[in-house]
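[1] sequence below, structure please.
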Amino acid sequence: MNILKEVLFKEGYGSPDELIRDWALIMALSKLEQYKAENDFFEKKYRMNLEEFESFLHKEKGSEDFEKEEDIEDWEFSFNALKWWEEKIRGLQSASSS
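    Down below sits the predicted model:
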């Protein structure tokens, strides 16, 4: 048994793939928390969710607020990233239970 496999086995891993899966899950959970925090920040800042904020911005015809326009771009990005990472986490968790 080579040293890598010996160390992994000692820590409860049957294969390097199990370690990689666990590491990927930890990384995904970290990203999820990052994007969740960003979404929470915007929800607190504007006291509404993204969908409500989009409706609010579309009603404000004729006035441009560059801060709000930048915020909605960042908010949409973080919201979509949050959903993407949630999906990946579900996949990683189901892979670990098989």
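[2] shaky segments in the protein?
    Within the chain, the stretches with pLDDT under 70 are 1, 60-62, 97-98.
[3] the helices in it, which residues?
    3-10, 16-46, 50-59, 66-96 (DSSP state H).
[4] same list (these) but as a markdown table, adding mean neighbour count.
    The way it works is simple: take the backbone N, C-alpha and C, and place the C-beta from them, glycine included. Compiled in a markdown table, the helices of the chain are given as follows (neighbours: other Cβ atoms under 10 Å):
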| stretch | mean neighbour count |
| --- | --- |
| helix 3-10 | 11 |
| helix 16-46 | 14 |
| helix 50-59 | 13 |
| helix 66-96 | 14 |
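[5] quick one: the residue most central in space within the chain from Glu69, how far?
    With distances taken as Cα atoms, centre = their mean, Leu32 lies nearest the centre of the chain, 2.8 Å away. Distance, Leu32 to Glu69, by Cβ to Cβ, to the nearest Å: 26 Å.
[6] returning to what we had before: show me what contacts the residue nearest to the centre of the chain?
    Leu82, Trp85, Glu86, Ile89 (Cβ atoms under 8 Å, 6 or more residues apart in numbering).
[7] likewise for Trp75?
    Glu38, Asn39, Phe42, Leu50, Phe53.
[8] wait, the first one touches Glu76, no?
    Read that as Glu38. No - with contact defined as Cβ atoms under 8 Å, Glu38 does not reach Glu76; the gap is 10.8 Å.
[9] chain neighbours aside, what residue packs nearest to Glu76?
    Closest residue in space to Glu76, ignoring its immediate chain neighbours: Leu50 at 6.9 Å, by Cβ to Cβ, 6 or more residues apart in numbering.
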